[in-house]
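A.B. asks: Quick one, structure for this:
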Amino acid sequence: MHPSLLTVLCLGIASAVAQLDQSLDAQWSQWRATHKKLYSTNEEGWRRAVWEKNLKMIEQHSREYSSGNPSFTMTMNAFGDMTNEEFRQVMNGFKNLRQKKGKYVVRLLQ
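C.D. replies: The predicted structure follows:
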């Protein structure tokens, strides 16, 4: 029997939560307070894991920027607890429903 997708996702989330960087506890608390973020007990661990991953990416980018590589800066903001996919869904604001003869039909998200 193969494990279900839900089982695999839960195991992935559980392993991510177990690896949280405790040295970031104060920074996480400050970020949550600044952006008025409240989570259920079940959600907080994986939101924290997403936030840490995004923070590490921003820190790496800043190191590269200091060396003159990228031409733009990055900083943590209110979307720091969102995955790239969640951010695109929230900020994009439309879905392409179908394409007909080169024209797009667009529906705005509510």
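A.B. asks: Surely W51 and D81 touch.
C.D. replies: Yes. With contacts defined as CB atoms under 8 Å, W51 counts as touching D81 at a distance of 4.7 Å. (Each C-beta comes from the backbone N, C-alpha and C, glycine too.)
A.B. asks: packing partners for the longest helix along the chain?
C.D. replies: Longest helix in the chain by number of residues (criterion: DSSP state H): helix 41-66. Packing contacts for helix 41-66, counted by 3 or more CB pairs under 8 Å, 6 or more residues apart in numbering; DSSP states H and E, involve helix 5-18, helix 25-34.
A.B. asks: Which strands or helices does whichever helix or strand comes after it pack on?
C.D. replies: Where DSSP states H and E defines the elements, the next helix or strand beyond helix 41-66 is helix 84-92. Helix 84-92 makes packing contacts with no helix or strand when contacts are defined by 3+ CB pairs under 8 Å, 6+ apart.
A.B. asks: related to what we said a few turns ago, confidence-wise, which of the helices and strands packed on helix 41-66 is weakest overall?
C.D. replies: Among the helices and strands packed on helix 41-66, helix 5-18 has the lowest mean pLDDT, at a mean of 52.
A.B. asks: low pLDDT regions in the chain?
C.D. replies: By pLDDT under 70, the weakly predicted segments of the chain are 1-18, 93-110.
A.B. asks: right, and F87 touches F79 too?
C.D. replies: Yes. Counting by CB under 8 Å, F87 touches F79, with 5.5 Å between them.
A.B. asks: tally of neighbours for K37?
C.D. replies: When neighbours are defined as other CB atoms under 10 Å, K37 has 15 of them.
A.B. asks: Tell me the spatial nearest neighbour of it, not counting adjacent residues.
C.D. replies: D81 (6.5 Å; CB to CB, 6 or more residues apart in numbering).
A.B. asks: How about T73?
C.D. replies: Y65 is the one closest to T73 (CB to CB, 6+ apart), at 5.8 Å.
A.B. asks: Look up how far M57 lies from that neighbour.
C.D. replies: 12 Å (CB to CB, to the nearest Å).
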